[in-house]
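Chemist: generate coordinates for the sequence data below:
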Amino acid sequence: MSNPHLNGSPDAEPDAAIHPSTQGAAHKSSTWFSLPLGDGILALEPKQALREQFPAVFAAAGQPAHMAVFTRHEMKGRLQCEVVAYFTPAAHALARHMGAHPCAQPTFPELELLVGDVDAAMLFWQ
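Modeler: Next comes the predicted model:
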């Protein structure tokens with residue numbers, strides 16, 4: 001079974017472009033976004049989609065250090081863990097394209113950088 005967010009939100013057109021023009025330093029929002037990707041195995045496809053789509057958005061935004069996507073395995077009362085992607089505020093266009101929803105900034109423990117600058121975590125959690 002494939003994840004409906006693999007190629008963007010269910011409401012997005014199949015080949016809808018991601019417009020990073022409001023990404024990067026010009027974007028002042030502090031809103032983070034989250035997207036459940038499925039359990040460990042089901043999350044592989046949407047994680048790969050993020051890895052493939054992020055570089056173009058990142059480059060178009062001027063490769064800002066604060067643009068990244070992190071993941072974490074979360075239980076939250078479930079029998080199996082679920083992988084959740086967390087998009088930094090600067091990655092909001094990609095987050096919306098993928099169907100993510102606004103959320104609070106996640107806590108740092110157990111977050112893994114999926115895509116973005118390797119120093120991004122230091123900018124948010126010092």
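
Chemist: pLDDT-wise, which helix or strand of this protein ranks last?
Modeler: When each helix and strand of the chain is scored by mean pLDDT, DSSP states H and E, helix 120-124 comes last, with a mean of 86.

Chemist: which positions within that helix qualify as buried?
Modeler: 120, 121, 124 (16 or more other Cβ atoms under 10 Å). No exception for glycine: its C-beta is placed from N, CA and C like everyone else's.

Chemist: same thing with stretch 44-62?
Modeler: So, applying 16+ other Cβ under 10 Å, buried residues of stretch 44-62: 45, 46, 47, 49, 50, 53, 54, 57, 58, 61.

Chemist: and the third one, how close does it get to residue 83?
Modeler: Spelled out, it's residue 47. Residue 47 sits 7 Å away from residue 83, taking Cβ to Cβ, to the nearest Å as the criterion.

Chemist: joint contacts of these two?
Modeler: Residues touching both residue 47 and residue 83 by Cβ atoms under 8 Å, 6 or more residues apart in numbering: 37, 71.

Chemist: let me see the mean pLDDT of stretch 81-100.
Modeler: Average pLDDT, stretch 81-100: 94.
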